[in-house]
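Asker: Structure of the sequence below:
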Amino acid sequence: MRHNKKFNHLGRKSAHRNAMLANMACSLILNKRIVTTVAKAKALRIYVEPMITRSKDDSTVSRRTVFAMLQSKEAVTELFREISQKVAERPGGYTRIIKLGTRLGDSAEMCMMELVDYNEIYTGNDKKAAKPAKATRRRSTKKKAEATVETTVEENTAE
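Answerer: Reported below is the predicted structural model:
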């Protein structure tokens with residue numbers, strides 16, 4: 001019986017599960033977005049959100065605690081330098097799970113897990129939308145080449 005067993009074991013022994021979650025957390029922190037199964041994403045959310053909360057307090061103790069869970073200096077540095085600054089005023093809910101459908105091979109439910117503050121579509125921080133596009137005419141390259149030749153000829157004759 002599985003009385004009072006709260007978390008998903010994901011069909012793995014504890015060492016394999018902890019290593020897998022640590023690797024997935026490093027990938028999520030470094031890439032800001034990963035594609036995985038829904039069950040793994042829900043298990044990863046429980047694993048990574050307390051680390052992000054702990055990263056808000058940049059102390060030696062919290063860095064060592066997070067490094068003990070991640071075992072990656074690059075991920076710890078990224079978490080404490082950039083991610084913690086971006087989520088400083090957010091009280092929780094740092095990740096988002098977007099379902100993508102089923103995987104072709106085994107029909108597993110797939111999803112995209114991402115850090116909430118790093119999605120430009122939802123937050124409106126898109127750099128392309130901030131700068132208006134310049135209105136230009138569409139011309140073939142032949143006309144452009146002729147136009148540049150004509151301007152260079154005119155410049156040479158003017159001298």
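Asker: drop to CA atoms for contacts and neighbour counts, all remaining ones
Answerer: Will do.
Asker: residue ranges of the helices in this structure, please?
Answerer: 14-31, 38-55, 60-70, 73-78, 84-86, 120-123, 127-130, 141-158 (DSSP state H).
Asker: Closest to the centroid, which residue in the chain?
Answerer: With distances taken as C-alpha atoms, centre = their mean, the residue of the chain nearest its centroid is residue 32 (1.6 Å).
Asker: Share the number of residues neighbouring residue 89, please.
Answerer: Number of residues near residue 89 (other C-alpha atoms under 10 Å) recorded here: 9.
Asker: For residue 43, see how far away it is.
Answerer: According to C-alpha to C-alpha, to the nearest Å, residue 89 and residue 43 sit 24 Å apart.
Asker: same thing with residue 34?
Answerer: 14 Å.
Asker: Also residue 35?
Answerer: 14 Å.
Asker: Let me see the contact set for the residue nearest to residue 75 when sequence neighbours are not counted.
Answerer: In this structure, residue 75 finds its nearest non-sequential neighbour in residue 26, 5.5 Å apart by C-alpha to C-alpha, 6 or more residues apart in numbering. Residue 26 is in contact with 70, 72, 75, counting by C-alpha atoms under 8 Å, 6 or more residues apart in numbering.
Asker: Now with 10 Å, please.
Answerer: Residues near residue 26 by C-alpha atoms under 10 Å, 6 or more residues apart in numbering: 20, 32, 48, 69-76, 78-79.
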